[in-house]
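Chemist: Structure, please.
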Amino acid sequence: MGGEFEKKYGCDPRPNPKCRLRLLDSIEKVRKLLTSNKEAEVNCEALMEDEDLRRHMTRDELEELIAPFVARFRKCLEESLAKSGLTNEQIDFVELVGEATRMPICIQ
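Modeler: Numbering: from 1, shown residues only. Model prediction:
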């Protein structure tokens, strides 16, 4: 989103610590909304140089953005399962801990 903001307004909020925190806060809010909804609006007023960041985002777009991280996470889980010597049939349940694990892409 910082790159899109830079293209539109000619200034990049990512190097500025205050702007970066505000941007990360807005991203976290939209991630939480997209956990239960298919669409959400990203709003960050006066992000940089009195310009607002407004963007419509879908869950599919978010999942596309985080796909490399999910792939690495799945690989880590598969390696852990292989090293444990357990089979899928021997596992009764998996407890998901943390807000990000509630995302539909992580539950699959």
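Chemist: drop to CA atoms for contacts and neighbour counts, all remaining ones
Modeler: Noted.
Chemist: For E78, report the pLDDT, please.
Modeler: Looking at E78, its pLDDT is 90.
Chemist: ugh, wrong one, R72
Modeler: R72 is given a pLDDT of 93.
Chemist: From K18, how far off is it?
Modeler: The gap separating R72 from K18 is 30 Å, by Cα to Cα, to the nearest Å.
Chemist: do C76 as well
Modeler: Going from C76 to K18 by Cα to Cα gives 33 Å.
Chemist: cool, and D25?
Modeler: 11 Å.
Chemist: Could you chop the protein up by domain?
Modeler: Per the record, the chain has its domains at 2-58, 62-107, by automatic domain parsing.
Chemist: Mean neighbour count, those domains: which tops it?
Modeler: Neighbour counts (mean count of other Cα atoms under 10 Å) averaged over each of these peak at domain 2-58, with a mean of 15.
Chemist: avg pLDDT for that domain?
Modeler: Per-residue scores along domain 2-58 average to 80.
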